[in-house]
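# Here's a sequence, model it:
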Amino acid sequence: MQQKLGEHCADRYLPGNCPLLMSLPPPGTNKLQVLRAVEDGWQAFCRAPWPFLLFQVLVTVILVPFGVLALVGLVQLIDLLKFNSGALAALHPVAAGIAVVVGVIGCVIVGLWGVVGITRCAWMSLNGQRPSFRDFTRWDGAASSRLFGSVILLAIALAVVGVLAALIHTGLNALNTTLTVIPVIVFGIFYIWFLISQKFLLQLSLFGVKRPMQTIQAGVSGVNPSWWVVLWLAIVESVLHAVAALFSYGGLFVIFPVVICISTAAYRQLFGSQDHTGILNNG
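The predicted structure is shown next:
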């Protein structure tokens, strides 16, 4: 099959050489059923509950030392640079800085590894498969990079909007303090709309598209026709988190993969059940 002008094999996926272009369905084509997504997600988790939970234990065991290292280094740097007391100084400032950098990088890498592994296996379980522990632990650098890039781009977008809101707030405050409520309301509404539109950022990064900017755009265009239903999904997931919190850390530990399974099931309803990036075949 000939490659069309302007298409790149790296942006397309199907088994075989230089695969056929597959795109996400047009916005508004599919509808989201929240209760069905909850049911499908729970069933997906129940296909392999122990691998989901044991992998989380493994991720936590590896993640905690990096988190402690970053926290200790940060506390000592703050003590030395801000208070200049040296009362907590057990490390040289350079060593404390290195500890922070190593700890943060370690947390990011392990966090990406954990989230990608759980989401990939949620997808496999929704396909009717029972993922093995190796499916959870397999590292996928390309998928992790896509997710990291999308999260960074989302953070930049929110930061830019926040700075713009602060500048407008300052300008209106100089004219009339009563007017300062306007940017608060406007940008508050924008934040809620934008964050809900990015509800499936994780799944789009891993299964939908390969570029962070396209991920953000696909989230907006794909969610907008069903925005209120996606908001309802986010509320339901929040309620599940709140109920799990009643059972302390154990409940929150269990609910995390369940919610990822639910979100992934909802994503498949809106965006289809095709793997557009080849993540399931990597490795």
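# F187 and A165 touch, don't they?
Yes: with contact defined as C-beta atoms under 8 Å, F187 counts as touching A165 (4.1 Å). In this view, the C-beta of every residue, glycine as well, is placed from N, C-alpha and C.
# Centre-most residue in this structure?
L202 (4.0 Å; C-alpha atoms, centre = their mean).
# per-residue confidence for that one?
Per-residue confidence for L202 comes out at a pLDDT of 95.
# Does it touch L112 like I think?
No: with contact defined as C-beta under 8 Å, L202 and L112 do not form a contacting pair (10.7 Å).
# which neighbours do those two share?
L147 (C-beta atoms under 8 Å, 6 or more residues apart in numbering).
# So what does R211 have for phi and psi?
For R211, the backbone dihedrals (degrees, to the nearest 10) come out as phi -120, psi 140.
# contacting residues for it?
Under the criterion of C-beta under 8 Å, 6+ apart, the contact partners of R211 comprise 146, 149.
# Let's see that with 10 Å instead.
If you count contacts by C-beta atoms under 10 Å, 6 or more residues apart in numbering, R211 has them with 11, 146, 149-150, 153, 205, 217-218.
# Then L24?
For L24, the contacting residues are 204, 207-209, 214, 218, 221-222, 270-272, 274, 276, by C-beta under 10 Å, 6+ apart.
# which two in these are spaced the farthest apart?
S221 and Q274 (17.2 Å; C-beta to C-beta).
# State the distance from the nearest residue in space to A70 that is not next to it in sequence to D79.
Beyond its immediate neighbours in the sequence, the residue positioned closest to A70 (C-beta to C-beta, 6 or more residues apart in numbering) is G103, lying 2.6 Å away. When C-beta to C-beta, to the nearest Å is applied, the distance between G103 and D79 equals 17 Å.
# can you check A265 too?
Where D79 is concerned, A265 sits at a distance of 47 Å (C-beta to C-beta).
# Looking at these two, which has the bigger crowd around it?
Shown here are A265 and D79; by other C-beta atoms under 10 Å, A265 has more neighbours (26 against 16).
# Wait, the more buried one touches T119, no?
No: with contact defined as C-beta atoms under 10 Å, A265 and T119 do not form a contacting pair (11.6 Å).
# mind giving me the domain split of the chain?
With automatic domain parsing serving as the domain definition, the record reports that the chain contains domains spanning 48-139, 141-277.
# closest to D40 out of these?
Closest approach to D40 among these is made by domain 141-277 (3.9 Å; C-beta to C-beta).
# Contact partners for I182?
When contacts are counted by C-beta under 10 Å, 6+ apart, I182 is found next to 168-169, 172.
# Make TSV out of those residues and add distance to L58, pLDDT and secondary structure.
Listed next are the contacts of I182 as TSV, based on distance: C-beta to C-beta, whole Å; pLDDT from 0 to 100; DSSP: H, G, I helix; E, B strand; the rest coil:
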residue	distance to L58	pLDDT	secondary structure
I168	47	86	helix
H169	45	81	helix
L172	51	80	helix
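# contacting residues for the nearest residue to V34 once chain neighbours are set aside?
Of all residues not flanking V34 in the chain, L233 sits nearest, at 5.0 Å (C-beta to C-beta, 6+ apart). Remark: with contacts taken as C-beta under 10 Å, 6+ apart, L233 is in contact with 32-35, 37-38, 196, 199-200, 226, 262-263, 266, 269-270.
# Could you do S145 as well?
Listed by C-beta under 10 Å, 6+ apart, the contact partners of S145 are 112, 205, 210, 212.
# Which element, helix or strand, includes it?
S145 is part of helix 141-175 when elements are defined by DSSP states H and E.
# Show the subsequent helix or strand relative to that helix.
Proceeding C-terminally, helix 141-175 gives way to helix 181-197 as the next helix or strand, assigned by DSSP H and E.
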